[in-house]
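S.K.: Take a look and give me a structure for this.
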Amino acid sequence: MNNKDFWDSVNAVIAEGFTPEGLQKLDEYAEQFVTGRLVYQRFSPAEQHGCAAGGPAHVVASLLAGAENQTDRSTSPDVGGFQRELQRGKKQAEIIEKWAKAVGCWTDDVSNALQNVLGAKIAEGGEATVYDLGATLVKSIGLDYFVQPILALDRITLHNTYFPETTLYVLGFGKANGEFKIIVEQPFIKGTHVPDIEISTFAQNMGFKQINPKNWTYATPEIYLSDLHDENVIRSEEGNIFVVDCDIRINTPELRCGGVRELTTEVKFRK
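M.R.: From the prediction side, this is the model:
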């Protein structure tokens with residue numbers, strides 16, 4: 001199977017409305033993704049493993065978002081800039097919603113559902129609402145920073161690649177106040193906040209160059225890393241440093257941080 005055949009197959013599953021046969025095919029593609037037979041060239045091998053660590057729902061949703069982004073069928077050619085991104089994001093979200101409802105991992109009212117099951121939220125930021133589950137946390141993540149689901153899903157992939165100790169595992173999807181949400185589970189790290197100067201040393205020891213200390217931004221030619229401030233980095237009781245939240249992206253030239261990568265959706269299959 002070549003790249004065109006693969007995306008034609010995924011788009012046929014979407015067009016047919018996620019029939020049982022179509023859902024089985026998506027599960028097969030997800031399994032091939034996890035085992036490395038299906039190579040998603042958007043990611044490095046380590047990043048593809050990070051995507052797989054996010055769970056089956058994360059893998060399938062990433063492929064579905066990639067299918068819509070790859071075809072870009074619903075976006076008017078004369079629409080540019082942010083409006084074009086909004087159109088892409090809306091279509092990706094609609095497709096993921098239809099699939100999630102078909103497989104039973106969709107929640108119509110995320111805020112009420114999580115509060116009823118888990119109790120009161122323990123934190124809320126510009127992007128996520130956090131609930132306590134004891135040894136783990138459940139987060140409802142929005143698209144505020146990313147607009148398109150594919151980019152928010154990339155963020156989970158990259159977080160799991162670079163910070164596997166605090167892996168984000170996708171439980172499902174839903175809406176809160178009409179806005180698309182990704183529901184994830186993450187290990188709870190008990191500890192204290194880390195000062196910015198130590199975070200800077202930590203990031204640079206990982207190979208990241210500091211770009212702008214005012215918004216805690218670092219980068220390599222491959223990866224853009226931001227929002228790495230003291231509320232998002234924890235020192236455990238054992239003295240280890242854990243990143244629990246950040247804005248992490250594939251570093252493309254458009255980000256103007258020395259990035260060299262392309263947001264491709266090309267795939268290939270290993271024999």
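
S.K.: Just the element for residue 66, please.
M.R.: helix 56-71 (DSSP states H and E).

S.K.: Toward the C-terminus, what is the element adjacent to that helix?
M.R.: Heading C-terminal from helix 56-71 (DSSP H and E), you reach helix 81-103.

S.K.: That following helix: how far from the chain's middle?
M.R.: 14 Å (Cα atoms, centre = their mean, to the nearest Å).

S.K.: would you put the C-alpha positions of that helix in PDB?
M.R.: Output of helix 81-103 as PDB, limited to C-alpha atoms (Å, rounded to 0.1, in the frame of the first residue of the first chain):
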ATOM      1  CA  GLY A  81      -4.500  32.800   7.400                       C
ATOM      2  CA  PHE A  82      -6.300  32.200  10.600                       C
ATOM      3  CA  GLN A  83      -9.700  31.700   9.000                       C
ATOM      4  CA  ARG A  84      -8.300  28.800   7.000                       C
ATOM      5  CA  GLU A  85      -6.800  27.200  10.200                       C
ATOM      6  CA  LEU A  86     -10.200  27.500  11.900                       C
ATOM      7  CA  GLN A  87     -11.900  25.700   8.900                       C
ATOM      8  CA  ARG A  88      -9.400  22.900   9.000                       C
ATOM      9  CA  GLY A  89      -9.700  22.600  12.800                       C
ATOM     10  CA  LYS A  90     -13.500  22.500  12.600                       C
ATOM     11  CA  LYS A  91     -13.500  19.700  10.000                       C
ATOM     12  CA  GLN A  92     -10.900  17.700  11.900                       C
ATOM     13  CA  ALA A  93     -12.900  18.000  15.100                       C
ATOM     14  CA  GLU A  94     -16.200  16.900  13.400                       C
ATOM     15  CA  ILE A  95     -14.500  13.800  12.000                       C
ATOM     16  CA  ILE A  96     -13.000  12.800  15.400                       C
ATOM     17  CA  GLU A  97     -16.300  13.400  17.100                       C
ATOM     18  CA  LYS A  98     -18.200  11.100  14.600                       C
ATOM     19  CA  TRP A  99     -15.500   8.400  15.200                       C
ATOM     20  CA  ALA A 100     -15.400   8.800  19.000                       C
ATOM     21  CA  LYS A 101     -19.200   8.500  19.200                       C
ATOM     22  CA  ALA A 102     -19.100   5.300  17.000                       C
ATOM     23  CA  VAL A 103     -16.500   3.700  19.400                       C
END
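
S.K.: Against which helices or strands is it packed?
M.R.: If contacts are counted by 3 or more Cβ pairs under 8 Å, 6 or more residues apart in numbering; DSSP states H and E, helix 81-103 sits against helix 3-15, helix 20-35, helix 56-71, helix 149-162, strand 169-176, strand 179-187. Just so you know, the C-beta spots here come from the backbone N, C-alpha and C atoms, and that holds for glycine as well.

S.K.: Verify the stated contact: residue 210 with residue 200.
M.R.: Yes: contact status for residue 210 versus residue 200: in contact at 5.9 Å, counting by Cβ atoms under 8 Å.

S.K.: contacts for the helix holding residue 66?
M.R.: Applying Cβ atoms under 8 Å, 6 or more residues apart in numbering, the contact partners of helix 56-71 are 7, 10-11, 14, 26-27, 29-30, 33-34, 40, 42, 51-52, 74, 88, 91-92, 95-96, 99-100, 103, 105, 148-150, 153-154, 156-157, 169-173, 265.
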